[in-house]
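# Sequence and predicted model, in that order:
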Amino acid sequence: MSEVMGLLAQSNDAVEPVFVLIVLALIVVVFAGMWKTFEKANQPGWGCIVPIYNLILMLKIAGKPLWWLLLLFLPIISLIPGVIVPIAIAKNFRKGTGFGIGLIFFPWIFYPVLGFGSAEYDPDVPIF
């Protein structure tokens, strides 16, 4: 049994750096996509890496009032704007609700598609 545990411990040592590199790569991809998305919406791209300020910019891009920032800090209630804001961002880029859900669950795919793709920001699109 101790031999098996020893082998498992050795294999985990090799997996950890790979896992960390994959996670870091995904973070960089998300930030790059968000940066370009923010710039397309005429907001400062660097704002995506500043905590809380990025939420303010996302609310602007989504066309939501600034007081929604308070809702984002309330437990359980934050789930509601946490879903509505990405869907509103997608709609302002002329994408559908499914794309907005993709922004929530797969940001490493959908933010780069939004930022580097051909989508154009149009804040006058009716959201709901």
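That came through, no problem.
# Beyond the helix or strand of the chain with the lowest mean pLDDT, next helix or strand please.
Ranked by mean pLDDT, DSSP states H and E, the weakest helix or strand in the chain is helix 2-40, scoring a mean of 80. Once the chain leaves helix 2-40, the next helix or strand it forms, by DSSP states H and E, is helix 53-62.
# Tell me the helix or strand right after that next one.
Per DSSP H and E, the first helix or strand lying C-terminal to helix 53-62 is helix 68-71.
# which other residues reach that next one?
For helix 68-71, the external contacting residues (Cβ atoms under 8 Å, 6 or more residues apart in numbering) are I52, L55, I56, L59, I77, S78, I80, P81, V85. The way it works is simple: take the backbone N, C-alpha and C, and place the C-beta from them, glycine included.
# Mind listing what's buried along it?
W68, L71 (16 or more other Cβ atoms under 10 Å).
# roughly how far out does it sit from the chain middle?
17 Å (Cα atoms, centre = their mean, to the nearest Å).
# pull the CA atoms of it into PDB?
Extracted C-alpha coordinates of helix 68-71, given in PDB (Å, rounded to 0.1, in the frame of the first residue of the first chain):
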ATOM      1  CA  TRP A  68     -26.400  47.200  -9.400                       C
ATOM      2  CA  LEU A  69     -22.800  47.000  -8.100                       C
ATOM      3  CA  LEU A  70     -24.300  46.700  -4.600                       C
ATOM      4  CA  LEU A  71     -26.300  43.800  -5.700                       C
END
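# Check the average confidence over it, would you?
Averaged over helix 68-71, pLDDT sits at 96.
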